[in-house]
Structures are given as structure tokens and as C-alpha cells.
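In: give me coordinates for this.
(one chain, ligands or ions: 7)
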Amino acid sequence: MVWNVSGLMRTCRFLLLVILFLPCEVTTSVLTVNNSTENYILDTEPGSQESLKCAVHNHTREEELLWYREEGTVDLKSGNKINSSTVCVSSISENDNGVTFTCKLQRDQSVSVSVVLNVTFPPILSGDDFQTAEEGNDVRLVCSVKSNPQAKMMWYKNSNILILEKNYQVHQTSESLQLSITKVKKSDNGTYSCVANSSVRMETKDFHLIVKAVHEG
Ligand SMILES: *[C@@H]1O[C@H](CO)[C@@H](O)[C@H](O)[C@H]1NC(C)=O
Ligand SMILES: *[C@@H]1O[C@H](CO)[C@@H](O)[C@H](O)[C@H]1NC(C)=O
Ligand SMILES: *[C@@H]1O[C@H](CO)[C@@H](O)[C@H](O)[C@H]1NC(C)=O
Ligand SMILES: *[C@@H]1O[C@H](CO)[C@@H](O)[C@H](O)[C@H]1NC(C)=O
Ligand SMILES: *[C@@H]1O[C@H](CO)[C@@H](O)[C@H](O)[C@H]1NC(C)=O
Ligand SMILES: *[C@@H]1O[C@H](CO)[C@@H](O)[C@H](O)[C@H]1NC(C)=O
Ligand SMILES: *[C@@H]1O[C@H](CO)[C@@H](O)[C@H](O)[C@H]1NC(C)=O
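Out: Ligands and ions are numbered 1, 2, ... in the order given. This next block holds a predicted model:
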């Protein structure tokens, strides 16, 4: 008796699980973006324009399509939603690098194809052009960089490769090249050039460091 009851309960639990996980409707539809069924990377440049055409294949009925830019939906005109849909990405900029466009089937959003923009651009350098420090103080020159592909970075001083003195420290991240100088001396005065070399182009930005004597004047 005891065995029978627990056996029955096991059967019920099993049936319940089967019902819970029974798929509502199987989708055989396939999506493509510009003929690709796989996610892909689209190489592009600032200022250009790209159109992406999403189409449904092997569908048995009308299918509505959705486009996402990252997490946000793209507004589509009514004639640009059923069975196929085209988005136009215009005036592409450096900031669009890495942005993902995804086409999804409205009825089953697990069916999707994504395109990631790979926007190639030369190094863009920025930072404080002029800095003044009193002898004995610490200074830090920060050369911020944006570049794709990543640039090889280095410091020059008065047009020569920077010789690292004891009181110099260089720190590099993917976003900046920094030069920290502790206890600046008169001889540290000068123009420091931040050089970024990528396969696209070489860019230079000058940082002028003016070292003043303590209590000058
Ligand atoms: C897909 O490929 C076909 C044949 O290669 C071509 O004619 C068509 O223009 C392509 N469509 C898109 C959206 O790229
Ligand atoms: C995608 O296909 C459309 C239509 O064939 C074409 O105009 C567009 O240039 C293609 N875009 C890319 C990024 O290949
Ligand atoms: C559509 O279905 C056929 C038969 O199952 C298959 O051979 C074909 O690759 C499918 N088309 C796409 C775009 O997946
Ligand atoms: C979408 O595709 C379905 C199935 O092939 C078809 O019956 C329907 O007419 C198509 N609708 C549009 C607007 O293309
Ligand atoms: C992006 O494009 C650049 C230049 O064509 C290339 O070197 C780089 O490998 C690409 N990055 C990816 C993730 O595909
Ligand atoms: C200090 O460096 C600046 C920037 O390079 C330069 O204009 C100035 O002449 C230098 N002063 C001295 C005393 O060397
Ligand atoms: C910049 O890189 C290119 C190749 O990527 C190389 O030929 C060139 O010598 C480099 N320039 C400097 C100043 O390092």
C-alpha cells in the first residue's frame, strides 16, 4: 500500500513536469541577416552607412520581425516588419564601435541573428595641453586615447624617445597613457609628446610641462 501511494505520486509528478515543459508551438522558422544565419561582425568606418536586411525563411505563416539596437527596440514602419525588415544605420561614428544590432522573431524571440559593428578609426588623443608645477611637486600627464584597433603608445620628450628617469613612472591602460613624475626638477621642464601608432595612422599630442622654481619672483 505504502509503495503504491508513493509510486502514484511519482507518476503524477512526472506527468505534471511533462505538461509544464510541453512546448506551446515548435518554430521551424529561420532568420538571416544579409544572408547570414549566424551572428557576425560587420567591419565599417565613421561616416559610412550600412543597411541590414533581416528575412525569415521556412516559415508557415506571416512572421513579425523585431530589430534591437543593444537592449532597445528600433521603431519600424508598418510595411517593414512582416517576413523581412531592413534597418539603415547612418552616419556611423566612433561611439558606434561594438554596438550590437539584433533581429528577432516576434513570436519566438530565441530565434535571432546579431550583427556587431566594428568601427575602425585612427587614434583620438586628448588631455591637458599645459601644466605648471613648482619644483619638488608631483605631476601627472594623462594622455587619453580612443582607437580601433588599439594603438601602440609611447612618450617622447623634446622629440626624442623618453628616457625613464628614477622619478618617472609610466602607466598604460586601454584608455590612457600616463606619465607620473615625482618631485619635478627644473630639468623635467619641456614638451612631452604622447604618440599613438595604430595600423590606421600615427597621431601625436603635445603636453607642455612648465616647472617653476619654488617661490619664484
Ligand atoms: C543573398 O545572396 C543572394 C545570392 O548570393 C544575393 O543575390 C542577394 O542579394 C543576397 N541578399 C542580401 C540581402 O545580401
Ligand atoms: C546587406 O544587403 C543589402 C541588400 O542587399 C545591401 O544593400 C547592403 O549593402 C548589405 N549590407 C551589408 C553590411 O553587407
Ligand atoms: C529550410 O528547410 C530546408 C529543409 O528542412 C533546409 O534544407 C533549408 O536549409 C532551410 N532553409 C534555411 C534558410 O535554413
Ligand atoms: C509572409 O509569408 C507568409 C508565408 O510564406 C505569406 O503567407 C505571407 O503572404 C507573407 N506576407 C508578406 C507581407 O510578405
Ligand atoms: C575590426 O577591424 C579591424 C580593421 O579591419 C581588424 O583589425 C580587427 O580585427 C576587427 N575586429 C574584430 C573584432 O573583428
Ligand atoms: C619649459 O618647457 C616649455 C614647454 O616645452 C618651453 O616653452 C619653455 O621654454 C621651457 N622653459 C625652460 C626654462 O626651459
Ligand atoms: C607605427 O607602426 C607601423 C606599423 O604598424 C610601423 O611601420 C612604424 O614604424 C611605427 N611608427 C613608429 C613611430 O613607431
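In: please enumerate the helices of the protein.
Out: For the chain, the helices defined by DSSP state H occupy 2-20.
In: can you tell me the closest non-neighbouring residue to the residue in the chain positioned nearest to ligand 7?
Out: Ranked by CB to the nearest ligand atom, the top residue of the chain for proximity to ligand 7 is residue 197, at 3.6 Å. Heads up, the C-betas are built off the backbone N, CA and C, glycines and all. Ranked by CB to CB, 6 or more residues apart in numbering and with sequence neighbours excluded, the top spatial neighbour of residue 197 is residue 152, at 4.7 Å.
In: do the same with residue 185
Out: residue 135 (6.5 Å).
In: quick one: pLDDT of that neighbour?
Out: In this model, residue 135 is scored at 96, pLDDT.
In: so it makes contact with residue 211?
Out: Yes - contact criterion CB atoms under 8 Å: residue 135 and residue 211 qualify, at 6.0 Å.
In: against ligand 3, how distant is the residue nearest to residue 197?
Out: To ligand 3, residue 152 is 43 Å away according to CB to the nearest ligand atom, to the nearest Å.
In: show me the contacts for that residue.
Out: When contacts are counted by CB atoms under 8 Å, 6 or more residues apart in numbering, residue 152 touches 196, 197, 198.
In: then residue 44?
Out: Residue 44 is in contact with 50, 92, 117, 118, 119, 120, counting by CB under 8 Å, 6+ apart.
In: try 6 Å
Out: Taking CB atoms under 6 Å, 6 or more residues apart in numbering, we find residue 44 in contact with 50, 92, 117, 119.
In: mind putting these into a markdown table with distance to residue 63, pLDDT and neighbour count?
Out: Output for these, formatted as a markdown table (distance: CB to CB, whole Å; pLDDT from 0 to 100; neighbours: other CB atoms under 10 Å):
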| residue | distance to residue 63 | pLDDT | neighbour count |
| --- | --- | --- | --- |
| 50 | 23 | 97 | 17 |
| 92 | 29 | 97 | 20 |
| 117 | 25 | 98 | 17 |
| 119 | 31 | 98 | 20 |
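In: now render those residues as TSV, adding distance to ligand 5.
Out: Output for the contacts of residue 44, formatted as TSV (distance: CB to the nearest ligand atom, whole Å):
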residue	distance to ligand 5
50	14
92	13
117	9
119	8
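In: in strands, which of the residues you listed fall?
Out: 50, 117, 119 (DSSP state E).
In: please name the bridge partners of the last one.
Out: Counting by DSSP bridges, residue 119 is bridged to residue 44.
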